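> Mind folding the following:
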Amino acid sequence: MSIDLAKVAQEQSIKYFFISFVDLFGVLRAKLVPAGAIGAMQEDGAGFAGFATWLDMTPADPDMLAIPDPDSLIVLPWNREIGWLAGDLWMAGVEVEQCPRIMLKRQIARLAEHGYVMKTGVECEYMLLDASGENINDTLDSQEKPCYDQSSLLRKYHIVSEICDAMVELGWNPYQNDHEDANGQFEMNWDYSDALTTADRHTFFKFMVKTIAERNGERATFMPKPFTDLTGNGCHSHVSIWNTDGSTNLFLDETEEMGLSALAYSFLGGIVHSAEALCSIFNPTVNSYKRINAPRTRSGASWSPNSVTYTGNNRTHMIRIPDAGRFELRLMDGSANPYLLQAGIAAAGLDGIENNRDPGQRLDIDMYANPELAGDVKKLPLNLLDAIRITESNDVLRSALGSDNIDSYCKLKMQNWDQYCGEVSNWERANTLDC
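Got it, this is the predicted structure:
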């Protein structure tokens with residue numbers, strides 16, 4: 001046992017532990033375990049009823065046990081009596097295949113078989129709203145182009161600095177915080193790491209931002225498109241592949257025009273090949289498609305893709321190559337499951353490597369101003385229903401993530417879509433009440 005959690009609790013005066021996991025919809029679940037019981041929980045896991053969460057289970061299924069990963073331990077900076085732990089799900093002595101963290105670990109193992117480690121970073125955009133969630137909680141934040149506005153950033157200094165201070169304390173090496181393109185929107189960046197560490201930190205970051213905002217009387221949201229006329233919340237990911245010990249960036253080729261190796265282009269080709277199928281995973285809510293297919297917002301651009309294209313240092317495409325040795329995937333939004341986000345990248349990228357996929361021609365055009373110049377490129381799904389159907393029929397994701405897992409995910413997402421379709425909206429009333 002690498003870390004004895006009972007001993008850590010005694011040394012650091014931890015009184016309670018959250019043993020947590022995220023379900024297929026990315027909802028964070030947890031049990032609060034007193035320090036005196038953590039030794040047994042570290043060995044046997046905390047018990048849950050899988051049917052009570054967004055997992056494809058029934059009330060007849062046996063107990064589902066979340067066994068904490070001691071390497072994931074984070075002591076809450078705002079309450080050092082509590083330690084947070086990411087858990088892996090087990091049932092009847094075997095791992096739960098549809099556990100998102102385990103799905104990611106399977107892809108990490110596949111990468112390791114090739115001698116690869118995937119390193120990633122995420123850019124998590126969020127908005128600060130009033131406690132009701134109805135309005136931006138800063139009436140002075142009203143500029144048409146509010147991005148990087150210093151005054152608005154300063155007015156939220158008490159929240160942004162508390163979050164950043166926490167990341168410094170946790171050793172994440174945050175390096176910049178800014179007001180983003182929508183009113184009330186912020187982004188905070190920290191160092192990239194291996195995919196599992198990034199996913200764990202991404203999960204905790206969302207919890208931390210929401211908690212600190214709530215402690216300050218506000219509500220933080222990562223919802224893809226909270227307001228019709230404002231830029232939505234994206235969650236871009238920067239990706240590179242390294243050798244096993246993490247010392248050499250295998251995506252880097254300084255002799256190539258964009259600084260990418262042949263391996264990088266094959267990986268990128270895999271993302272391009274499966275982009276439409278990845279949509280229901282990277283953009284998993286009904287609301288997601290009001291972001292990626294959005295018209296121009298009041299700031300002048302949606303900053304979201306609607307076609308499957310890649311480019312150099314140009315933010316109007318789905319994939320951007322901002323620097324040598326990495327690329328930025330701009331498709332995901334704030335509702336993406338942190339573990340499935342990373343698992344999807346790895347699964348599609350590995351398919352690209354194994355099948356030497358060609359990403360096609362790089363397009364150095366403004367996709368917002370001149371999309372017609374792109375020619376016959378693939379379009380992203382227009383709604384969640386289309387996205388689910390494409391995922392459901394995709395052999396690459398079925399092979400990599402598990403056919404049963406894809407079936408379970410699509411089944412639950414289809415239930416989600418059906419619930420949405422059963423609701424009568426204000427728009428429908430306004431436009432058809434007198435028909």
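> Nearest spatial neighbour of Asn135, chain-adjacent residues omitted?
Leu129 (6.3 Å; CB to CB, 6 or more residues apart in numbering). Where you see a C-beta, it was placed from the backbone N, CA and C, and this is true even at glycine.
> What of Pro284?
Nearest non-adjacent residue to Pro284 (CB to CB, 6+ apart): Ser335, at 5.7 Å.
> The one you found contacts Lys225, doesn't it?
No - counting by CB atoms under 8 Å, Ser335 sits too far from Lys225 to count as a contact (9.7 Å).
> overlap in contacts of these two?
287-288 (CB atoms under 8 Å, 6 or more residues apart in numbering).
> mind checking pLDDT for the residue nearest to Asn135?
On pLDDT, Leu129 comes in at 98.
> would you list every one of the helices in the chain?
5-12, 38-44, 100-113, 150-155, 157-170, 195-215, 262-282, 338-354, 384-392, 395-401, 403-421, 426-432 (DSSP state H).
> Please name whichever of those is nearest to Tyr289.
Closest to Tyr289 of those is helix 384-392 (CB to CB; 6.1 Å).
> So which other helices or strands are in contact with the closest one?
Under the contact definition 3 or more CB pairs under 8 Å, 6 or more residues apart in numbering; DSSP states H and E, helix 384-392 sits against helix 262-282, helix 403-421.
> Tell me which of those helices approaches Ala369 most closely.
helix 262-282 (21.9 Å).
> Rounded mean pLDDT for that closest one, please.
Helix 262-282 shows a mean pLDDT of 98 in the predicted model.
> mind listing what's buried in it?
263-282 (16 or more other CB atoms under 10 Å).
> pull the longest strand from this protein.
strand 116-129 (DSSP state E).
> and the angle from that strand to helix 100-113?
150 degrees (axes from the mean of the first three to the mean of the last three CA atoms, to 10 degrees).
> tell me the angle of strand 116-129 relative to helix 338-354?
Going by the same axes, to 10 degrees, strand 116-129 makes 140 degrees with helix 338-354.
> buried stuff in strand 116-129?
Neighbour counts over strand 116-129 (16+ other CB under 10 Å) mark 116-129 as buried.
> do the same with stretch 406-423
So for stretch 406-423, counting by 16+ other CB under 10 Å, buried means 406, 408-410, 412-414, 416-417.
> which of Ser335 and Lys225 has more neighbours?
The neighbour comparison of Ser335 against Lys225 (other CB atoms under 10 Å) goes to Lys225, with 26 against 23.
> Next, the contact list for the more buried one, please.
232-233, 287-288, 290-291, 294.
> which residue packs closest to Met188, ignoring adjacent ones?
Using CB to CB, 6+ apart and skipping residues adjacent in sequence, the residue nearest Met188 is Asn177, 4.7 Å away.
> pLDDT value on the one you found, please?
98.
> how much space between it and Ile163?
According to CB to CB, to the nearest Å, Asn177 stands 8 Å off from Ile163.
> residue ranges with poor pLDDT in the stretch 251-400 of the chain?
Within the stretch 251-400 of the chain, no stretch has pLDDT under 70.
> coming back round to it: now find how far off-centre the longest strand of the chain is within its chain.
Counting by CA atoms, centre = their mean, to the nearest Å, strand 116-129 is centred 6 Å from the centre of its parent chain.
> Equivalent analysis for stretch 124-141, please.
21 Å.
> Not counting it itself, show me its contacts.
In contact with stretch 124-141 (CB under 8 Å, 6+ apart) are residues 149, 151-152, 155-156, 159, 179-180, 182-188, 202, 205-206, 209, 213, 217-223, 226, 233-235, 334.
> for the contacts of Lys225, which one is nearest Leu341?
Looking across these and measuring by CB to CB, the closest to Leu341 is Ser288, at 12.6 Å.
> Check the gap between the closest one and Pro322 for me.
24 Å.
> Between those two, tell me which one has more neighbours.
Comparing Ser288 with Pro322 by other CB under 10 Å, the one with more neighbours is Ser288, at 27 against 13.
> ok, now which ones touch the more buried one?
Contacts of Ser288 by CB under 8 Å, 6+ apart are 224-225, 333, 335, 384.
> can you check Thr58 too?
Thr58 touches Phe51, counting by CB under 8 Å, 6+ apart.
> and the gap between it and Gln419?
Remark: distance between Thr58 and Gln419 (CB to CB) = 19 Å.
> can you check Asp364 too?
Separation of Asp364 from Gln419 (CB to CB): 43 Å.
> try Val8
Counting by CB to CB, the gap from Val8 to Gln419 is 42 Å.
> now Ala387
For Ala387, the distance to Gln419 - CB to CB - is 16 Å.
> Low-confidence ranges, the stretch 1-150 of the chain, go.
Ranges of the stretch 1-150 of the chain meeting pLDDT under 70: 1.
> same thing but 90
Under the criterion pLDDT under 90, the flagged ranges of the stretch 1-150 of the chain are 1-2.
> Surely Ala400 touches Leu104?
No - contact criterion CB under 8 Å: Ala400 and Leu104 do not qualify, at 11.3 Å.
> any residues in contact with both of the two?
Joint contacts of Ala400 and Leu104 (CB under 8 Å, 6+ apart) are Ala346.
> The two: which is more packed in?
Higher neighbour count among Ala400 and Leu104: Leu104, with 28 against 25, using other CB under 10 Å.
> what residues are up against that one?
Leu104 neighbours (CB under 8 Å, 6+ apart): 195-196, 199, 339-340, 342-343, 346.
> Tell me, how many residues neighbour Asp178?
Counted with other CB under 10 Å, the neighbours of Asp178 add up to 16.
> Now do the contacts for it.
147-148, 153, 186-187.
> burial of Leu350, as a residue count?
Leu350 has 23 nearby residues by other CB under 10 Å.
> Which residues are in contact with the residue nearest to it when sequence neighbours are not counted?
Using CB to CB, 6+ apart and skipping the chain neighbours, the partner closest in space to Leu350 is Arg110 (5.8 Å). Residues in contact with Arg110 (CB under 8 Å, 6+ apart) are 346, 350, 400.
> Against Trp242, how distant is Arg110?
The value you get for Arg110 to Trp242, if CB to CB is used, is 15 Å.
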